[in-house]
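Asker: next come a sequence and a model predicted from it.
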Amino acid sequence: MSHFTTIQTQIKDLDALRTTCREMGFDLLTSVEARGIGTQLRGEHVIRLKGPCDIALQPQTNGTFGLSTDWWGGYVEQEVGPNYGRLLQLYAVHKTAREARKRGLTVQRAQRADGSIKLTIGGL
């Protein structure tokens, strides 16, 4: 039986984020400076983008990581989408697939023409 599920994503799984970054062609670095336009920000982890700006991951009080970047010039948006959209979508895909496989479920993934990703999870 199929159904729709809405997931509000928070960055808590660095392995899933690392896989996401690898797929997008980025590196996930530890304890370095994130580049901005004329500024830098130290992050516990940093997503090194291809352009002149990076994304810093800052630990939050609830155990998750917040994302910080320099949005000026549209460089980051070109690489990860508005408001980190493509990055967060792919992170959610990897996190969901990891959790499903841990439970012995099968996961199939399909890229749709509009850029969205369809996951089909089966088993049990």
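Answerer: Yep, it's here.

Asker: show me the shaky parts of this structure.
Answerer: Scanning the chain for pLDDT under 70 picks out 1-9, 124.

Asker: quick one, strands of it?
Answerer: 27-35, 40-48, 55-59, 65-69, 106-111, 117-122 (DSSP state E).

Asker: hey, which helix is longest across this protein?
Answerer: Once the chain is assigned using DSSP state H, the helix that runs over the most residues is helix 85-102.

Asker: do you know how far the nearest residue to Val80 once chain neighbours are set aside is from His94?
Answerer: In this structure, Val80 finds its nearest non-sequential neighbour in Leu87, 4.0 Å apart by C-beta to C-beta, 6 or more residues apart in numbering. (Glycine included, C-beta is placed from N, CA and C.) Plainly put, Leu87 is 11 Å away from His94 if you go by C-beta to C-beta, to the nearest Å.

Asker: and Ser31, by the same measure?
Answerer: Applying C-beta to C-beta to Ser31 and His94 gives a distance of 23 Å.

Asker: do Trp71 as well
Answerer: Counting by C-beta to C-beta, the separation of Trp71 from His94 is 24 Å.
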